[in-house]
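Q: turn this into a structure:
(one chain, ligands or ions: 1)
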Amino acid sequence: MKRIYMDHAATTPLDKEVFEAMQPYFSEKFGNASSLHKFGRESREVIEESREIIARVINASPDEIYFTSGGTESDNLAIKGVAFRNKKENKRHIMTSKIEHHAVLHTCQYLEKIGFRVDYVPVDKYGMINVNDLEEKITKETSVISVMHANNEIGTIEPIREIGEILKEKEIYFHTDAVQTVGKIPIDVEKLNVDLLTISAHKIYGPKGVGALYVRKGTKIDPILHGGGHEKGLRSGTENVPGIVGLAKAIELAEKRMKNGESERLERLKDKIIKEVLSNMDKVKLNGHPKLRLPNNVNFSFYGIEGEALVLKLDSYGIATSTGSACSSKSLEPSHVLIAIGLRPEDAHGSLRITLGKENTEEDVSYLLEVLPKVVNELREISVL
Ligand code: PLP
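A: Okay, the predicted model is just below:
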């Protein structure tokens, strides 16, 4: 049976070239980058080369790149690190949006428990943050604001540059979680006016368990892990050399693909799915912004069916997708993102996320468009709704 992977927002397959670049650093080039001998120096050199590659791609300087264990750790480090360091100056207010990834939301909820104040700024029906709302809530106590570059469920791209512009002259640090945008839309930390930016390797055909945090020079930030003082004291722990090499290779290849028109290709496939489904199927709505969305993200709500059943049915036809419906999560509530954009529970329950990637072809999309109406109809026939 055909197997088609359309869940690239969850993770991506490791690129063969990335794997090949990593391989020597698991075996013959195994040195600890802190060691003085040749083995150690070899690892140190490749870490610094990797730092340079990542810095160049996002228009930062190499000493502003810190390696971490992935998006979750980078988000935690950015928010807790800045919050802890600046609270001495009586800055105990944090702001974020209601549709952030849990790596940000749960970090903020934890900070609330230990005495910080957090405002969760609402979004409109497309998942777009209201910049005026955010501006109004800023106080002298605000130390850090975290707004994601693009949402992982509905794909909406947030007005980061605009927010950055507002914050530029203020004594507030601005963090963005760019886990879903790196390699899909160009990232320039200067143009975006951000002070901290989260990167993860496994969403761009790199290895799982490695990422980076961009930290603008001069940012007052404390470490959250204490130990041997690696990464200039901000992130202790022996460096994951193969992972770091994989992240740099993955980001370099993603940049090359973007230059060769991959985002436009994905956009065409995405637009085809949206157009065909909305014009040929009943009782379906598109979630997320119609235009300002990731080139590979499609998110629908099919009325009268359960998203989890839909994902399992599609899987039985060999198509891998995901849902923000209640059953797929551990709680009975549907995804916080779908609730934040104001979906009625019956629409939130029938959500389907399709996220395309570099292996997906026109043929794959045609197969999906052939299977999807069939599966939705079958489920509607047996639905109690
Ligand atoms: N932020 C966003 C927007 C994500 O989509 C993810 C992964 O799903 C993360 C953070 C967490 O990244 P990681 O899996 O590298 O910890």
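Q: I figured Gly288 hits Asn152, correct?
A: No: look at Gly288 against Asn152 with Cβ atoms under 8 Å: they stay out of range, at 10.9 Å. The way it works is simple: take the backbone N, C-alpha and C, and place the C-beta from them, glycine included.
Q: ok, those two, which is more surrounded?
A: Per other Cβ atoms under 10 Å, whichever of Gly288 and Asn152 has more neighbours is Gly288, with 27 against 23.
Q: buried residues in stretch 377-385?
A: 379-380 (16 or more other Cβ atoms under 10 Å).
Q: stretch 361-381 now?
A: Buried residues in stretch 361-381, counted by 16+ other Cβ under 10 Å: 364-365, 367-368, 371-372, 375-376, 379-380.
Q: check the offset of it from the chain's centre.
A: For stretch 361-381, the distance from its own C-alpha centre to the chain's C-alpha centre is 27 Å (Cα atoms, centre = their mean, to the nearest Å).
Q: what packs against the helix or strand bottoming out on mean pLDDT in the chain?
A: Here the helix or strand of the chain ranked lowest by mean pLDDT, DSSP states H and E is helix 345-349, holding a mean of 84. Where contact means 3 or more Cβ pairs under 8 Å, 6 or more residues apart in numbering; DSSP states H and E, helix 345-349 is packed against helix 336-340.
Q: now the helix it packs on - C-alpha only, PDB.
A: Below are the C-alpha coordinates for helix 336-340, written out as PDB (Å, rounded to 0.1, in the frame of the first residue of the first chain):
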ATOM      1  CA  HIS A 336      -6.300  25.400  23.000                       C
ATOM      2  CA  VAL A 337      -5.500  26.900  19.600                       C
ATOM      3  CA  LEU A 338      -8.900  25.900  18.100                       C
ATOM      4  CA  ILE A 339     -10.700  27.200  21.200                       C
ATOM      5  CA  ALA A 340      -8.700  30.500  21.100                       C
END
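Q: which residues touch the one residue in the stretch 1-150 of the chain that gets nearest to the ligand?
A: In the stretch 1-150 of the chain, the residue that lies nearest the ligand is Gly71 (2.4 Å; Cβ to the nearest ligand atom). Applying Cβ atoms under 8 Å, 6 or more residues apart in numbering to Gly71 gives the contacts 101, 103, 177, 179, 198-200, 203, 211.
Q: repeat that for Glu135.
A: Glu135 makes contact with Ile166, according to Cβ under 8 Å, 6+ apart.
Q: from Lys275, how far off is Arg268?
A: 10 Å (Cβ to Cβ, to the nearest Å).
Q: of those two, who's got more company?
A: Set side by side, Arg268 and Lys275 show more neighbours around Arg268, with 13 against 10, by other Cβ under 10 Å.
Q: would you mind measuring from that one to Thr361?
A: Using Cβ to Cβ, one obtains 12 Å as the distance from Arg268 to Thr361.
Q: per-residue confidence at the residue of the stretch 1-150 of the chain closest to the ligand?
A: pLDDT, Gly71: 98.
Q: got the contact list for the helix or strand harbouring Glu363?
A: Using DSSP states H and E, Glu363 sits within helix 362-381. With contacts defined as Cβ under 8 Å, 6+ apart, helix 362-381 is touched by 2, 4, 6, 269, 272-273, 276-277, 280-281, 284, 302, 304-306, 309-310, 313-314, 317, 319, 354, 356.
Q: stretch 50-66 too?
A: The contact list for stretch 50-66, computed with Cβ under 8 Å, 6+ apart, reads 48, 67, 77, 182, 187-191, 197, 199, 212-217, 231-232, 234-235, 244-245, 247-248, 251-252, 255.
Q: perfect, I'm done here.
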